[in-house]
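Predicted structure and sequence below. I'll ask about it afterward.
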Amino acid sequence: MDETESYRRIIATLKGHGVEFETYTHEHIHSSHDAARVRGTVLEEAAKALVLQAGNGLVQCIVNGHRRLDLKVIKQLLGERNIALAHPDKVLAASGCTVGSVPPFGNLFEPPMPVYCDKDLFSREHIVFSAGSHHHSIRMRAEDWKTVVKPIVVEIGRPA
């Protein structure tokens, strides 16, 4: 799956669930700060999607743009000592997307990966995220995203 296919698959999935959403097409972005500026949204709504190598498998973790992933908590949660950000080549192979453009839809990847989400993601009504490319973003209700993705909601974030 490439970035364009990933974007189309997300759109089709959201439409299939009858979910309302907004799309953004914008200049190339890399950071949550740049994304918020370009999208005209707030950093607290940003949903950062991180892919981690956990033992022999991959997991996806989602945290707000203004928070950081707490690796110690993830290690405890998964019972794994060796957890780190996945190598960019593995992220691309698993998601079809480059680092920084990975959408928070690990359930749509082939094979699907478990999605862990920081509970703070639901402190705001909406989330906004990269939708499979550095040029496309989607904004939607956080609860709708939760219904579509069915993440494991835990406290995995900490202040940046």
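Received, thanks.

Please verify my assumption that residue 119 contacts residue 151.
No. Contact status for residue 119 versus residue 151: not in contact, 10.1 Å apart, counting by CB atoms under 8 Å. Every C-beta, even on glycine, is put in place using the N, C-alpha and C of the backbone.

which residues touch the worst-scoring helix or strand of the chain on mean pLDDT?
Scoring the helices and strands of the chain by mean pLDDT, DSSP states H and E places helix 32-39 at the bottom, with a mean of 79. With CB atoms under 8 Å, 6 or more residues apart in numbering as the contact definition, helix 32-39 has outside contacts at 24, 26-27, 29, 41-43, 45-46, 48, 65-66, 128, 130, 137, 139.

Repeat the analysis, applying 10 Å as the threshold.
Helix 32-39 is touched from outside by 22, 24, 26-29, 31, 41-48, 63-67, 100, 128-130, 134-135, 137, 139, 160, with contacts defined as CB atoms under 10 Å, 6 or more residues apart in numbering.

can you give me the strands in this structure?
21-25, 47-54, 57-64, 67-69, 83-85, 115-118, 126-133, 136-141, 152-154, 157-159 (DSSP state E).

Any regions of the protein where pLDDT drops low?
Scanning the chain for pLDDT under 70 picks out the ranges 1-3.
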